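1. Take this sequence and fold it.
(chains A and B)
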2 protein chains.
Amino acid sequence: MTPRLLFAASEESWHEYEGHLIHSLAAAGIEAELSPQAGPPETVDYIVYAPNSTVQDFTPYTRLKAVLSLWAGVEHVVGNPTLRVPLARMVDSGLTEGMVEWVTGHTLRHHLNIDHVLAHQDGEWNRHVPPLARHRPVTILGLGALGAACAQALANLGFPVTGWSRTRRKVEGVTCLSGPAGLEQALARAQILILLLPLTPGTEDLLHAAHIDQLPKGAVILNPGRGQLIDDAALLAALDSGHVGHATLDVFRTEPLPRDHPYWAHPRVTVTPHIASETRPDTASEVIVENVRRGEAGEPFLHLVDRARGY
Amino acid sequence: MTPRLLFAASEESWHEYEGHLIHSLAAAGIEAELSPQAGPPETVDYIVYAPNSTVQDFTPYTRLKAVLSLWAGVEHVVGNPTLRVPLARMVDSGLTEGMVEWVTGHTLRHHLNIDHVLAHQDGEWNRHVPPLARHRPVTILGLGALGAACAQALANLGFPVTGWSRTRRKVEGVTCLSGPAGLEQALARAQILILLLPLTPGTEDLLHAAHIDQLPKGAVILNPGRGQLIDDAALLAALDSGHVGHATLDVFRTEPLPRDHPYWAHPRVTVTPHIASETRPDTASEVIVENVRRGEAGEPFLHLVDRARGY
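-> Residues are numbered from 1 along each chain as shown, chains lettered A, B, ... in the order given. Sure thing, here's the model as predicted:
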């Protein structure tokens, strides 16, 4: 029987995805019905899902085989008690590439002190040759698909990279730590600290005052992960005192970041408006379709969420 | 007989290098006399050389086995008619690393439009997600040690990289072109153009008006190579018209760049004061000592300059 796919996300997303999904389904030789219209819930096999859709109660979807998230972060859906079928996260090569580019670009920006260069186009020939990357320790918290790819890219450029994750991982050329003692070590050596942890009850406010204190003086923080990983008041205090040299933040508790939020005006903060990376409809559609193919062939789904861990 | 090394460079360089050279000689098990004092020229076996030294006439150095340049660029010495022994360029891993970091950092800065981000910390949440690197063609002119290393680093990040050199080279993952027709192709696709050619009579003013015209509209130019590669008047005209979107320049015909030079004030130009990279005394000393070892063992020198080509 032809599987039925419900596209449950914003209307804007539908316009971006429709063509790519149709193309990917055809390329995979899958005949499927694809629609953004709810229709009778008991006829739906797969939901292509974003949390900002109108579908919040999965109970009526009695034939559902899987929910395929369009988003990498699943914190808005993982706790939904009506969801009783496999949930797959988006792991999109385009998302990973964009994240590696943002993280590498802003790491090198701070490493090379490019802000200072741009602010001093005043005719003064002041040569300050930066140290080599091999003398600039970088720490990445989170070694999932995104964190591991960023760690490897920075290690390739010569940075001594330490990665930390809840459970021990292995990434070539990267010093991998885990657990509370590992976190302390990872923070203490971080001239540049990059946050790429998933948001879970265990990671919310992970960067609180005591952890910020463990950073070396003048450390730079990049947060392209989740806004809730940072205790904002503690970070602002550390920026004011100069203990943290700069923070480049792409994600926030409230987005868009309110116009009167102190981050906008702080001289030691750079706000980027949640552009570090995003799912690309072309490559993401291939991931969705591959999971539909697997579901129809009775093969295991890719990128399944562990509901107990939350990601 | 103990070889005698004359250190012919600035006094400042001597202070930077003395300890590292002594250390590297000892580590290589070479007993040598090392001094910045001229002494009797006919007793000198090797000259460790920078063009800003007082040694300009090599005729009296009758026992000389090689001149070992501290600089990567040898255009100030290669034409010296009194130099009749092998001349080795500096190919320093620290120099290469620093160059890769500067080139990668400024390429990503332009790719991610970081200048725009820094200039718009005004509370407006305007999301402009940049394209992926794989959709941003980059061209590097010059595929020597520095150009090839930069080409590879950018290709690793996903940029489609075209490299051009006088004679055809091979760099993995990089489209390598050569000759005049190849140059035309390389320029025509360069959204970001990076100049890393040696300075020779054949490369001076290579980026003249006709070649600049071949770039796509809005192209960005990075010049960490040599100031003389660019026809400055032609570049300024192309910046004024907007044909060239931005130029980030590290090297200039006259250095320090005069305070009243139009590059300083031009809104589409970023001046960095010859900091893209420099020879690092620790790693460079190892290169010098390795060539002394080779000379004493009768082995061929590394990084020899081809006097006919000029580099």
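2. tell me the contacts of A:Leu29?
-> If you look again at residue A:29, you'll see it is Gly, not Leu. Contact criterion Cβ atoms under 8 Å, 6 or more residues apart in numbering or on different chains gives no residues in contact with A:Gly29. Just so you know, the C-beta spots here come from the backbone N, C-alpha and C atoms, and that holds for glycine as well.
3. Distance of it relative to A:Ala297?
-> For A:Gly29, the distance to A:Ala297 (Cβ to Cβ, to the nearest Å) stands at 11 Å.
4. Helix, strand, or coil at A:Thr62?
-> coil (DSSP: H, G, I helix; E, B strand; the rest coil).
5. That one: neighbour count?
-> Counted by other Cβ atoms under 10 Å in any protein chain shown, the residues lying close to A:Thr62 total 10.
6. Contacts only, for it.
-> By Cβ under 8 Å, 6+ apart, the neighbours of A:Thr62 are A:Pro41, A:Glu42.
7. Can you check what pLDDT the model gives it?
-> We have a pLDDT of 97 for A:Thr62.
8. Torsion angles phi and psi at it?
-> phi -80, psi -20 (degrees, to the nearest 10).
9. same question, A:Gly202
-> phi -80, psi -20.
10. try A:Glu296
-> According to degrees, to the nearest 10, A:Glu296 has phi -70, psi -30.
11. need the helices for the stretch 151-300 of chain A, in chain order.
-> Shown for the stretch 151-300 of chain A, the helices assigned by DSSP state H, counting those that start in this stretch span residues A:179-188, A:209-213, A:232-241, A:262-265, A:281-297.
12. The residue in the stretch 201-311 of chain A that chain B sits nearest to: how many residues sit nearby?
-> Closest contact between the stretch 201-311 of chain A and chain B, by Cβ to the nearest Cβ, is at A:Pro256 (3.4 Å). Look at A:Pro256: counted by other Cβ under 10 Å, it has 14 neighbours.
13. which residue sits closest to it, ignoring its sequence neighbours?
-> Distances taken as Cβ to Cβ, 6 or more residues apart in numbering or on different chains place B:Trp125 nearest to A:Pro256, at 3.4 Å, with adjacent residues excluded.
14. got the contact list for that neighbour?
-> Shown in contact with B:Trp125 (Cβ under 8 Å, 6+ apart): A:Glu255, A:Pro256, A:Leu257, A:Pro273.
15. how close does the first one sit to A:His261?
-> Yep, that's A:Glu255 we're talking about. According to Cβ to Cβ, A:Glu255 and A:His261 sit 11 Å apart.
16. Looking at these two, which is more packed in?
-> The residue with more neighbours, out of A:Glu255 and A:His261, is A:His261; 18 against 13, by other Cβ under 10 Å.
17. how near is that one to A:Asp232?
-> 9 Å.
18. residues near the spatially closest residue to A:Val55 that is not a sequence neighbour, how many?
-> Nearest residue to A:Val55, sequence neighbours excluded (Cβ to Cβ, 6+ apart): A:Ala8, at 4.3 Å. Neighbour count for A:Ala8, taken as other Cβ under 10 Å: 24.
19. which parts of the stretch 151-300 of chain A sit against chain B?
-> A:153, A:156-158, A:255-257, A:259-260, A:264-265, A:269-275, A:277-278, A:280 (Cβ under 8 Å from any Cβ of the partner chain).
20. just checking, the residue of the stretch 201-311 of chain A closest to chain B touches A:Ile275?
-> No: applying Cβ atoms under 8 Å, one finds A:Pro256 not in contact with A:Ile275, separated by 12.0 Å.
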